[in-house]
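A.B. asks: Got a predicted model here, sequence first, then my questions.
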Amino acid sequence: MRVAIYSRYSSDLQDPRSIADQIAAARDHAQRQGWTVCAEFQDAAISGSTTHNRPGLAELMRAAGAGRFDAVLTESLDRLSRDLEDIAGIHKRLEYAGVKIITLADGTVGKMHVGLKGMIASMFLDDLALKTRRGQVGRVKAGRIPGGKSYGYDLVPSLDERGQRTINEAEAAIVQRIFEEYVRGRKPIDIVSDLNRERAPSPRGGPWNVSTIIGSRKRANGLINNQLYIGKIVYNRQRFVKDPATGKRQARPNSPDQWIVNDALDLRIVSDALFAEAAARRDEKGGAKPTHHRRPKHLLSGLVRCGSCGASMIVIHRDYLGCSASRNRGTCDNRRTISTHEIESRILDVLRKYLLAPEVVAAAVDAYREHRTKLAKETERTKRDVQRDLAAVERKIAGVIAMVEAGGDPRTLAARLNEFVAEKDALEQRLPSKAADVIALHPNAAKFYADTVAQIHEALAKGDAAGLKAVALVRELVNEVVAIPTPGRDPMKLELVGNLAALLMEPSANQSPISMVAGAGFEPTTFRL
């Protein structure tokens, strides 16, 4: 029987040698049973609470669907998953592919076993989360902090009393200053500009941002919302749940009546009155802006950068982009803005002009034909090599069968026969079904291409499936767009970096037009619009 071994350990806190130990134990078991190990899959430092972001498991499932093995051999069922729904789904998909699950702990796993073991593993995770939370609540009630280090405090090293803090006087002075200046009416951007200019140490070691000070009132983060500065430890402000569709953790705020608050007056940095004044000013400003009317991302969202400092350009007002470093940190002098419509129009106009040039169309056609011809040759070469190896292994199988028919001991020859059969199965999986044909382009293909390019504006504007596909294709060609400020009111210069830049370059006398075709493998280059 052909088996694939799967191994996993949960986190960086566990010994990475666990993977090697699991594989070694599984190999020993397979050898004792006379099975052929034809593949190994593993996921290192990845939780078993979800099947998302586990490349080893994903590869195993693909290989199972392709019929590369007859069984999955693993240490225990919870190596595949601790989630009840996930382990049931894995078992169902493997059963459909005709692949069994075998564990060192329990042998062949059936449906009832999957249900019981999956429920036990899921209950283990719930129990672990409950015990972790109970320990954190106990730490809060003892006047200690269960989370990370807040700005203004230092950790107190201790072997038995985790969560103790002491005030960092230098950082505390900055906290006091921020509160006082904010209450006096200074704009957050002016406060962070001064702090960045003075190179005052920030919470994360980089430049100060407006969000560092203001944060989110709903999530109670940001310096002016941190109640630890008035000597109160607040726990359970939010909870984390995993999205079953993506496996990613999502933070959800808890209502204030669910918060656990305990006094830690030795950690006070600002007075109650100053904290209350800051909260009152924050409320006057309206707090966090609603997000349910957030406009959709534009064509070049996240790709436009400031030509003065290199920071990203963000939406400043309506559809106008401005430098984020200038807006949020005050570390850049570039105050110019540019509309997303202007950027997109200038790039797309040039894109249409050059994509419709006869030499570009010809280059695209030539590149397609060359690619298909190369693919056909490679497929035929692979087919010949695999057929040669198949003939050799079939001769080996015939030789073993002849030895058995001649009176050889089948028990001693069975292992060799299984090995040759597994090798044959693997080769047959590699055998191409047929050579890739070199398909000639339809005579009207060039016209269809030209019509499609000419309508790119309309496709992008529709926002339907075709429009989304057009957006994705354009974004694949663009690494970034640099918006360079110009004197006075002159239009900003745009510098395009990426595969689209190479596509738009005028061909020189000694340049092959094939280098201008998107996706032909050239390095990202720069082009000025």
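C.D. replies: Cool, the structure landed. Residues are numbered from 1 along each chain as shown.

A.B. asks: how many neighbours does residue 94 have?
C.D. replies: Using other Cβ atoms under 10 Å, residue 94 has 20 neighbouring residues. For every residue, glycine as well, the C-beta is placed using N, CA and C.

A.B. asks: That one falls within a strand, correct?
C.D. replies: No - if the criterion is DSSP: H, G, I helix; E, B strand; the rest coil, then residue 94 is helix and not within a strand.

A.B. asks: In the stretch 1-150 of the chain, where is pLDDT below threshold?
C.D. replies: Across the stretch 1-150 of the chain, the ranges flagged by pLDDT under 70 are 11-17, 45-53, 112-148.

A.B. asks: Could I get the full set of strands for it?
C.D. replies: 2-8, 36-43, 71-74, 100-103, 107-108 (DSSP state E, counting those that start in this stretch).

A.B. asks: With mean neighbour count as new columns, can the ones you listed be given to me in TSV?
C.D. replies: TSV is the format used below for the strands of the stretch 1-150 of the chain (neighbours: other Cβ atoms under 10 Å):
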stretch	mean neighbour count
strand 2-8	23
strand 36-43	20
strand 71-74	24
strand 100-103	20
strand 107-108	10
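
A.B. asks: closest to residue 191 out of these?
C.D. replies: Smallest distance to residue 191 across the strands of the stretch 1-150 of the chain (Cβ to Cβ): 45.5 Å, for strand 36-43.

A.B. asks: Tell me the strands beside that closest one, with direction?
C.D. replies: strand 2-8 (parallel) (DSSP bridges).

A.B. asks: Quote the end-to-end distance of stretch 195-213.
C.D. replies: Terminal residues of stretch 195-213 are spaced 12 Å apart (Cα to Cα, to the nearest Å).

A.B. asks: which residues are in contact with that stretch?
C.D. replies: The contact list for stretch 195-213, computed with Cβ atoms under 8 Å, 6 or more residues apart in numbering, reads 150-151, 170-171, 174, 178, 182, 188-189, 191-192, 222-224, 325, 327-331.

A.B. asks: Swap in 10 Å and give it another go.
C.D. replies: Stretch 195-213 is contacted from outside by 149-152, 168, 170-171, 173-174, 177-179, 181-182, 187-194, 221-225, 278, 282, 311, 324-325, 327-331, using Cβ atoms under 10 Å, 6 or more residues apart in numbering.

A.B. asks: mean confidence for that stretch?
C.D. replies: Per-residue pLDDT values across stretch 195-213 average out to 88.

A.B. asks: buried residues in it?
C.D. replies: Neighbour-count burial for stretch 195-213 flags 195-196, 200, 202, 207-210, 212-213 (criterion: 16 or more other Cβ atoms under 10 Å).

A.B. asks: Just put those in JSON lines and tack on secondary structure and distance to residue 342.
C.D. replies: As requested, the buried residues of stretch 195-213 are exported to JSON lines (DSSP: H, G, I helix; E, B strand; the rest coil; distance: Cβ to Cβ, whole Å):
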{"residue": "195", "secondary structure": "helix", "distance to residue 342": "34"}
{"residue": "196", "secondary structure": "helix", "distance to residue 342": "30"}
{"residue": "200", "secondary structure": "coil", "distance to residue 342": "37"}
{"residue": "202", "secondary structure": "coil", "distance to residue 342": "34"}
{"residue": "207", "secondary structure": "coil", "distance to residue 342": "28"}
{"residue": "208", "secondary structure": "coil", "distance to residue 342": "31"}
{"residue": "209", "secondary structure": "coil", "distance to residue 342": "27"}
{"residue": "210", "secondary structure": "helix", "distance to residue 342": "26"}
{"residue": "212", "secondary structure": "helix", "distance to residue 342": "32"}
{"residue": "213", "secondary structure": "helix", "distance to residue 342": "32"}
